[in-house]
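Engineer: Output the structure for:
(one chain, ligands or ions: 3)
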Amino acid sequence: MMTLKINHLHAIIKETGEEILKGVDLTVPTGEIHAIMGPNGTGKSTLSETIMGYPAYEVTQGTVEFDGQDVLSLPVNERARLGMFLGMQYPAEIQGVNNADFIRTAINAQRPEDDPLPVLQFIQRLQENMALLEMPDDITDRYLNVGFSGGEKKRNEVLQMLMLQPKLAILDEIDSGLDIDALRIVAKGINHLRGPKFSALLITHYERLLEYVTPDKIHVMVDGQIVKTAGPELADELEADGYAKYEQIRRNGV
Ligand code: ADP
Ligand code: MG
Ligand code: MG
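Structural biologist: Ligands and ions are numbered 1, 2, ... in the order given. Just a heads-up that it's a prediction; the model follows:
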């Protein structure tokens, strides 16, 4: 079964009309972890935000299916209810919103209105996951991401993921700016969810994360298209040789 199936997706930036996604084809079978690697400015964040329905982008062609459902016709909150989660490249700081309350609200928004997660169960799960991620107790009492270090923000995205237990997690540069200990912990969080019902799309510049979370497939994205898909061994080639070869393939037509 395919958790995520993207066919010939084109998207523009609404404000400027510039096309960023230029025919993305990508499938993530259920239970697999895939990575997308590619140079900066190639449309990786645009792809993740377009899948989730962020309003800055407009889809002009193509389809996105999640568990066989047409995602593009759904509003953002309903995409999350399907079990899609986006860990953002630049998590927002939100003054006045308590971190734990934010997570609890997000969980309950995905449950039937008359069946909220019992508070004690929530607290127990929160404590387990914070322990797994080696997070200090006070971090959930603070305002969402306010004054968090870069590494704390990324770890907090992973905490949200563990709490929400999505079917598909898209993690956009969850590894950027992490020291080796934080990277190991973030990888532990991802591997914790790994299983036959969980799929993930790891967007990353560096193969370092992929040493800790071995992907089933790696896709190379250049200038708004996926130009190459291969097994985890591709990370070593990209680390050694960079993206020049794939930029050339892209220029000359795939
Ligand atoms: P990547 O994540 O691969 O580094 P992005 O998806 O962030 O690439 O960006 C792709 C291109 O789209 C870049 O040239 C970027 O400047 C542009 N872009 C993305 N989002 C916006 C936006 N909201 N407004 C203007 N330009 C944008
Ligand atoms: Mg970028
Ligand atoms: Mg990006």
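
Engineer: who touches the closest residue to ligand 3 within the stretch 51-200 of the chain in this structure?
Structural biologist: Closest to ligand 3 within the stretch 51-200 of the chain is Gln89: 4.8 Å, counting by Cβ to the ion. In short, each C-beta sits where N, CA and C put it, glycine included. Neighbouring residues of Gln89 by Cβ atoms under 8 Å, 6 or more residues apart in numbering: 45, 172-173, 176, 203.

Engineer: Check which helix or strand the closest residue to Gly151 other than its chain neighbours maps to.
Structural biologist: Setting aside the residues directly before and after it, Gly151 is nearest to Ala182 in space (Cβ to Cβ, 6 or more residues apart in numbering), at 4.3 Å. In this structure, Ala182 sits in helix 180-193 according to DSSP states H and E.

Engineer: Pull out the buried positions in stretch 55-72.
Structural biologist: 57, 59, 62, 64-67, 71 (16 or more other Cβ atoms under 10 Å).

Engineer: Please disregard the earlier target; I meant stretch 176-190.
Structural biologist: Buried, per 16+ other Cβ under 10 Å, within stretch 176-190: 176, 178, 182-183, 185-187, 189-190.

Engineer: likewise stretch 18-32?
Structural biologist: Quick answer for stretch 18-32 (16+ other Cβ under 10 Å): 20-22, 24, 26-28, 32.

Engineer: So which of those residues are in strands?
Structural biologist: 20-22, 24, 26-28 (DSSP state E).

Engineer: quick check, nearest of those to Gln248?
Structural biologist: Lys22 (16.6 Å; Cβ to Cβ).

Engineer: Where is pLDDT lowest across the buried residues of stretch 55-72?
Structural biologist: Of all the buried residues of stretch 55-72, Asp67 carries the smallest pLDDT score, 93.

Engineer: Would you mind measuring from it to Leu183?
Structural biologist: Applying Cβ to Cβ, to the nearest Å, the value for Asp67 to Leu183 is 31 Å.

Engineer: same question, Glu211
Structural biologist: Glu211 is 9 Å from Leu183, by Cβ to Cβ.

Engineer: picking up where we left off before, got the phi/psi numbers for the residue of the stretch 51-200 of the chain closest to ligand 3?
Structural biologist: phi -60, psi -40 (degrees, to the nearest 10).

Engineer: so how far is Gln225 from it?
Structural biologist: 20 Å.

Engineer: Would you mark the buried spots in stretch 218-234?
Structural biologist: 218-228, 232, 234.

Engineer: Contacts for it next, please.
Structural biologist: Counting by Cβ under 8 Å, 6+ apart, 19-26, 34-39, 42-44, 47, 210, 214-217, 235, 238, 243, 246-247, 249-250, 254 sit against stretch 218-234.

Engineer: Please see if that stretch touches ligand 1.
Structural biologist: No. Applying Cβ under 6 Å from any ligand atom, one finds stretch 218-234 out of contact with ligand 1, separated by at least 6.9 Å.

Engineer: Quick one: mean pLDDT over that stretch.
Structural biologist: 97.

Engineer: Indicate whether it makes contact with ligand 3.
Structural biologist: No. Using Cβ under 5 Å from the ion, stretch 218-234 stays clear of ligand 3, with a minimum separation of 10.3 Å.

Engineer: so how far is that stretch off the chain centroid?
Structural biologist: Relative to its chain's centre, stretch 218-234 lies at 16 Å (Cα atoms, centre = their mean, to the nearest Å).

Engineer: next one: stretch 27-46
Structural biologist: 9 Å.

Engineer: And it, what's buried?
Structural biologist: 27-28, 32-39, 42-46.

Engineer: before we move on, what about stretch 118-132?
Structural biologist: 122, 125-126, 129-130.

Engineer: Might you report the residue contacts of the residue sitting nearest the centre point of the chain?
Structural biologist: The residue lying closest to the centre of the chain (Cα atoms, centre = their mean) is Ile170, at 1.8 Å. When contacts are counted by Cβ under 8 Å, 6+ apart, Ile170 touches 48, 51-52, 84-87, 200-201, 203.
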